[in-house]
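Undergrad: fold the following for me, if possible:
(2 chains)
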Number of protein chains: 2
Amino acid sequence: MKAEIICVGTELLLGNITNTNTKFLSQKLAEIGLDVYYQTTVGDNIERIFDATINALNRADILIYSGGLGPTEDDCTKEAVCKALGRECYLDNQILEDILKFFSNRKMPESNKKQAYVPENSEILLNDMGTAPGFYIEAENKIIILLPGPPNELTHMFSKYVLPKLSQYSGHTIKSRVIKTIDIGESSLEERIIDLIDTQTNPTIATYASSGQVDIRITAKADNTIQADALLDDMQNKLNKRIRQFIYSYSNESIEEAVYKLLYNKNIRIGFCESCTAGLATSMLASVPGASKVLERSYITYSNLSKIEEVNVNKHTLDIYGAVSKETAIEMARGLLKNSAIDIGVSITGIAGPTGETKSKPNGLVYICVASRNKHLLGEKIFNSDRENNRIRSAKLAFKLIREFVLEL
Amino acid sequence: MKAEIICVGTELLLGNITNTNTKFLSQKLAEIGLDVYYQTTVGDNIERIFDATINALNRADILIYSGGLGPTEDDCTKEAVCKALGRECYLDNQILEDILKFFSNRKMPESNKKQAYVPENSEILLNDMGTAPGFYIEAENKIIILLPGPPNELTHMFSKYVLPKLSQYSGHTIKSRVIKTIDIGESSLEERIIDLIDTQTNPTIATYASSGQVDIRITAKADNTIQADALLDDMQNKLNKRIRQFIYSYSNESIEEAVYKLLYNKNIRIGFCESCTAGLATSMLASVPGASKVLERSYITYSNLSKIEEVNVNKHTLDIYGAVSKETAIEMARGLLKNSAIDIGVSITGIAGPTGETKSKPNGLVYICVASRNKHLLGEKIFNSDRENNRIRSAKLAFKLIREFVLEL
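TA: Predicted structure coming up:
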């Protein structure tokens, strides 16, 4: 079965927004083994949506639309598709009631009534997140699916109501696993596994880089889940042999989630003393629900004086080695431990850029120290990115070091 | 002149990557007044690229391709387009030399030779960022432009070599202005200006919501820049009358950038005491280059004890009113001012969720206090979002209050 994705929206043609629906739908269809040959985007124009529909009916079996189901006059996906299929629309009183309920606090704009019109012989897909229902239509061996454009409405409706229906057209099981790495660049990582990427067709391997980390997605196609898992396990073992030291998780979790679990399970309380990252690392940890169980307090010591006053960095150390130095990083981390409620102190001090570099200390230089009362672990790195990414990478590297340190305890 | 964008790449059809090239190209074409009616994405398949080309030649005047110019066998955009136009490709020795130069340190893979083949009667677009050249072809009143797929190569080549050529086909000037609002939801904002949005065709108005703020883009089409500016000024005045209190900037800057400039210009040094946001607000301010000029230090007081020890919150206040209360927020902000280097103290304390709510204090409740030595400003809000967004919105609201407080000084 071949699928085509048709996105409707003049805002897409104007480049006002990035089209994330197409990526989402394509990925989901690939996961169940349905091929997408074309993605088309067209404006809020009934004739051009009609033309795109005729085109797609000639070359695909499943047509999935996004957008153009709203209440305004512009919205005409339903009308154009019905015209192409030779179907009428009728007013559905149940949907009208649902929409009225949505507006229970205020008057429903008259235009919203338009959303209660339903193509003949179509199945209604409920919109749990908004007012525009979607539609699932079977017509002459074709399947036509109309989804609302707002990404939260589309992803919810597709996952809940459409995916189970389409899965029956997939001849096999597709399973993916995400392996999370940190502290290695995408090209260095690829160099180490390029032969696996190039020669493997099942499972396939793809890498995705984001700031400071690279995810590896391995995807297996098999007759059943057990076979798919076996293929994934085999590939995971191969990857472990090459890049074990950079992997922090075999499930799709962030480095801060992985570290949170580790701290929570070992009943360890942590505090940060951040300079260049200025709260970013603490904020990342606090983004995990329940963070208060492992996070005691942190200091953002931006000025030199604050490093002295808050965490007892020696003025001499700052004078001789500077704020961005191994020596200062160690004193910052150890200074946190004056507080008996903190088991592990973590410091981050660096030059985020674009200003601040000196002859011996380039932009992107960062020192990180993780300290307990009887040992410490020091990290030093020069990142070559912009201010924002240097800060994010520094924070992520700190979590990598915390993980290593705590695993050794 | 109507344009069509054709992206080539199986990775797009699989949903492996987000298509940012289409947005970029669409936006640039809209800016010079060229209409895009269709965006098409097709895989690395010569027949389907050929079909898409025939389709596009029937409905557009300018065809812009992205991708499929690489060295591998998969890459066949050039071949498919030449087939559709009835043109041959020949080996261009100058390009071959350029590619060899690019590989000066290492052996050029034989496959890269493919990139030195050039469609007859085409203009070569140099690739300053990689090896694949682009092409500009005029054929039977159509313009066909082939660009490489990697976004940095495409954006550079398009801006430097293609845009100046296409600008001659634009009959008018397009100018946009972004008006930044905060602390009002998209639907409430739209309600206040819906008549302007609905009736205006020039300038057009579009709103874009992100966490805690809404941007309004107004775009004018005119014969020249002066006329376009006049149209934008007129619309800006209309918007000011409706929603002045929510606007923090008329240029495309973040709230933290706006606040940084204000603090810097008034020579004010600031410190934060953050609980639920846990460093997020300080980190946002520190993302602005030069932040050390206005940021002294901050405390992340996650535990109750840290609120007492670091910023002198009274234990009684915590016992009676709780950590998430007006009273605690005020004491946290004032506590920062014990440090003579801090001119303004800002506190944020709230319940980010999803756990932690009580009968009287729901998830999303936040108190913010901005205090100088002789006055303070208090904010209270209940956000209805998830943990991450409640924290981001709280931090942004803090910046809004800082801005108001400092403007009153």
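Undergrad: okay, CA-based contacts and neighbour counts for the rest of this
TA: Will do.
Undergrad: return the residues of the stretch 301-409 of chain A in contact with chain B.
TA: A:301-303, A:306, A:353-355, A:387-388 (Cα under 8 Å from any Cα of the partner chain).
Undergrad: which of those residues count as buried?
TA: A:301-303, A:306, A:353, A:387-388 (16 or more other Cα atoms under 10 Å in any protein chain shown).
Undergrad: need the contact list for the closest residue to A:N267 other than its chain neighbours.
TA: Leaving aside its sequence neighbours, A:N267 sits nearest to A:V294 (Cα to Cα, 6 or more residues apart in numbering or on different chains; 7.3 Å). Contacts for A:V294 were tallied using Cα atoms under 8 Å, 6 or more residues apart in numbering or on different chains; they are A:260, A:263-264, A:267-270.
Undergrad: how about a cut-off of 7 Å?
TA: A:V294 makes contact with A:263-264, A:268-270 under the criterion Cα atoms under 7 Å, 6 or more residues apart in numbering or on different chains.
Undergrad: tally of neighbours for the closest residue to chain B within the stretch 151-300 of chain A?
TA: Per Cα to the nearest Cα, A:G279 is where the stretch 151-300 of chain A lies closest to chain B, at 3.9 Å. By other Cα atoms under 10 Å in any protein chain shown, 31 other residues sit near A:G279.
Undergrad: among the buried ones among the residues of the stretch 301-409 of chain A next to chain B, which are in strands?
TA: Taking DSSP state E, the ones among these that sit in strands are A:T301.
Undergrad: reformat the buried ones among the residues of the stretch 301-409 of chain A next to chain B as CSV; add pLDDT.
TA: What follows is these, written out as CSV (pLDDT from 0 to 100):
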residue, pLDDT
A:T301, 97
A:Y302, 94
A:S303, 94
A:S306, 96
A:G353, 90
A:R387, 93
A:E388, 91
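Undergrad: biggest separation within the buried ones among the residues of the stretch 301-409 of chain A next to chain B, which pair?
TA: A:S306 and A:E388 (22.9 Å; Cα to Cα).
Undergrad: A:R217 - that's part of a helix, no?
TA: No: A:R217: not assigned to a helix; according to DSSP: H, G, I helix; E, B strand; the rest coil it is strand.
Undergrad: these two touch, right, A:L365 and A:I348?
TA: No: counting by Cα atoms under 7 Å, A:L365 stays clear of A:I348, with 10.7 Å between them.
Undergrad: follow-up on the earlier one: what about the contacts of A:V294, which one has the most neighbours?
TA: Ranked by neighbours (other Cα under 10 Å), the contacts of A:V294 are led by A:I270, which has 26 neighbours.
Undergrad: A:I342 is in contact with that one, correct?
TA: Yes: if you go by Cα under 7 Å, A:I270 and A:I342 touch, sitting 5.3 Å apart.
Undergrad: between A:L365 and A:I348, who's got more neighbours?
TA: Neighbours were counted for A:L365 and for A:I348 using other Cα under 10 Å; A:I348 has more, 33 against 22.
Undergrad: partners of the lowest-mean-pLDDT helix or strand in chain A, with directions?
TA: Every helix and strand in chain A was compared by mean pLDDT, DSSP states H and E; the lowest is strand A:204-210, with a mean of 80. Strand A:204-210 sits in its sheet next to strand A:213-222 (antiparallel), going by DSSP bridges.
Undergrad: same question for the partner strand, mean pLDDT?
TA: Confidence for strand A:213-222, expressed as mean pLDDT, is 88.
Undergrad: list the helices and strands whichever strand or helix holds A:I330 packs on?
TA: Per DSSP states H and E, A:I330 falls inside helix A:326-336. Using 3 or more Cα pairs under 7 Å, 6 or more residues apart in numbering or on different chains; DSSP states H and E, the elements in contact with helix A:326-336 are strand A:270-274, helix A:304-311, helix A:315-321, strand A:344-350, strand A:365-371.
Undergrad: try it again with 8 Å
TA: strand A:270-274, helix A:304-311, helix A:315-321, strand A:344-350, strand A:365-371, strand A:376-382 (3 or more Cα pairs under 8 Å, 6 or more residues apart in numbering or on different chains; DSSP states H and E).
Undergrad: that helix - what's its average pLDDT?
TA: 98.
Undergrad: starting at the chain centroid, how far to that helix?
TA: In terms of Cα atoms, centre = their mean, to the nearest Å, the centre of helix A:326-336 is found 34 Å from the chain centre.
Undergrad: which residues touch that helix?
TA: A:271-273, A:307, A:311-314, A:317-318, A:321-322, A:342, A:345-349, A:367-373, A:376, A:378, A:380.
Undergrad: buried subset of the residues you listed?
TA: By 16+ other Cα under 10 Å, those give A:271-273, A:307, A:311-313, A:317-318, A:342, A:345-349, A:367-372, A:376, A:378, A:380 as buried.
Undergrad: what sits closest to A:N127 if chain neighbours are left out?
TA: Closest to A:N127 by Cα to Cα, 6+ apart is A:P133, at 5.0 Å.
Undergrad: gap between the two ends of stretch A:115-126?
TA: End-to-end span of stretch A:115-126 (Cα to Cα, to the nearest Å): 12 Å.
Undergrad: pull out the buried positions in it.
TA: Buried residues in stretch A:115-126 (16+ other Cα under 10 Å): A:115-119, A:122, A:124-126.
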